[in-house]
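Visitor: Sequence and predicted structure, then a few things I'm wondering about:
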Amino acid sequence: MFKVDRLRFGTAGIPISTPKRSTLDGIVHVRNLGLDAMELEFVRGVNLRPELAKKIKYVARKHDILLTAHAPYYINLNATEKAKVEASKKRIIQSAERLHEAGGWSVVFHAGYYLKQDPGKVYEKIRGEIKDIVKSLQERGIEVWVRPELTGKPTQFGDLRELVKLSEEIEMVLPTIDFAHCHARNVGKFNSAEEWREMLSFMEDRLGREALDNMHIHISGINYTSKGERNHLNLQESDMNWEDLLRVLKEFKVKGVVISESPNIEGDAILMKKKYEEIQI
């Protein structure tokens, strides 16, 4: 697993302003915008051919763009039907495989739903399935971080404690910390420097410095109700105290990647990168 040298900023997918909407052009455009990361969006399915993945690897390395990937949305490792669980695992493995071929670093996915079951039992089930995924990737020589995401609704598996426990128990696993999801899941909490310091300290205490040196972060504004996440918003149209969040990330010397998931993906990625570079600690 290669080391990340700093905190990089990028877009969830091809930037909107890319003249020709292809992944290769998107990577070049990310660099032209002054950003240094991009998330490959496999959200509707893993439709990247291996030969194109190799070209992507070359272009990303040439332009010093760190690649991550978001696995398809149709994943539930706690589904009641075995076929759905197996299909979910296959999608995560395929995503990791293509990302690896593209020279990428970290694959994120939503692990599943509680389905009104006992959270402890759901944890055991999902842990077993992720262990299988990691074993399969290791057997194929695929080395990327496997990242269950902190989810935006209380009905979805994936609060911080669950993700940290998975990361302690399974190698190659670390959380994707979606700060907007955390804010929505907890109905407006986790929007202050003090709370973010607690989160990062908890991760460092339990997982060591490696977790903060290899963070996969999503940031956006978010609209939420008492049931959690509704939709993403641009940062300046939301109640997210994103400038304080960037200050805390700098304070903790976090390395890795911040992916903008705002509707205006590159606008907010550029906004965050500029603000981050201005912050003096």
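Guide: The structure has been received and is ready for your questions. Bear in mind that the values here come from a model prediction, so they are computed numbers and not experimental data. Numbering: from 1, shown residues only.

Visitor: Tell me which stretches of the stretch 1-150 of the chain form helices.
Guide: With helices called from DSSP state H, counting those that start in this stretch, the stretch 1-150 of the chain shows them at 23-32, 50-62, 82-101, 119-139.

Visitor: Please work out the average pLDDT along the first one.
Guide: Mean pLDDT, helix 23-32: 98.

Visitor: same thing with the second one?
Guide: If you average the pLDDT over helix 50-62, you get 97.

Visitor: give me every residue that touches V108.
Guide: Neighbour list for V108: E39, T68, A69, H70, A71, R147, P148, E149, T176, H216, H218 [criterion: CB atoms under 8 Å, 6 or more residues apart in numbering]. Every C-beta, even on glycine, is put in place using the N, C-alpha and C of the backbone.

Visitor: partners of it in the sheet?
Guide: Following DSSP bridges, V108 is listed with bridge partners H70, R147.

Visitor: distance of it from R21?
Guide: Noted for V108: a distance of 22 Å to R21, by CB to CB, to the nearest Å.

Visitor: Could you do A83 as well?
Guide: 34 Å.

Visitor: nearest spatial neighbour of F179, skipping sequence neighbours?
Guide: The spatially closest residue to F179, leaving aside those adjacent along the chain, is I219, at 5.4 Å (CB to CB, 6 or more residues apart in numbering).

Visitor: residue contacts, the one you found?
Guide: Counting by CB under 8 Å, 6+ apart, I219 makes contact with 178-180, 235, 240, 242, 245, 258-261, 268, 272.

Visitor: and stretch 206-214, C-alpha only, in PDB?
Guide: Extracted in PDB, the C-alpha atoms of stretch 206-214 (Å, rounded to 0.1, in the frame of the first residue of the first chain):
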ATOM      1  CA  ARG A 206      -7.900   2.800  18.500                       C
ATOM      2  CA  LEU A 207      -6.200   2.500  15.100                       C
ATOM      3  CA  GLY A 208      -2.900   4.400  15.600                       C
ATOM      4  CA  ARG A 209      -1.300   7.100  13.500                       C
ATOM      5  CA  GLU A 210      -1.700   5.000  10.300                       C
ATOM      6  CA  ALA A 211      -5.400   5.800  10.200                       C
ATOM      7  CA  LEU A 212      -4.900   9.600  10.200                       C
ATOM      8  CA  ASP A 213      -2.000   9.300   7.700                       C
ATOM      9  CA  ASN A 214      -4.400   7.400   5.300                       C
END
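
Visitor: residues in contact with W105?
Guide: By CB under 8 Å, 6+ apart, W105 lies in contact with M1, F2, V4, L66, L67, T68, L99, V144, W145, V257.

Visitor: and with 10 Å instead?
Guide: Residues counted as contacts of W105 (CB atoms under 10 Å, 6 or more residues apart in numbering) are 1-4, 8, 37, 66-69, 99, 143-145, 214, 216, 256-257.
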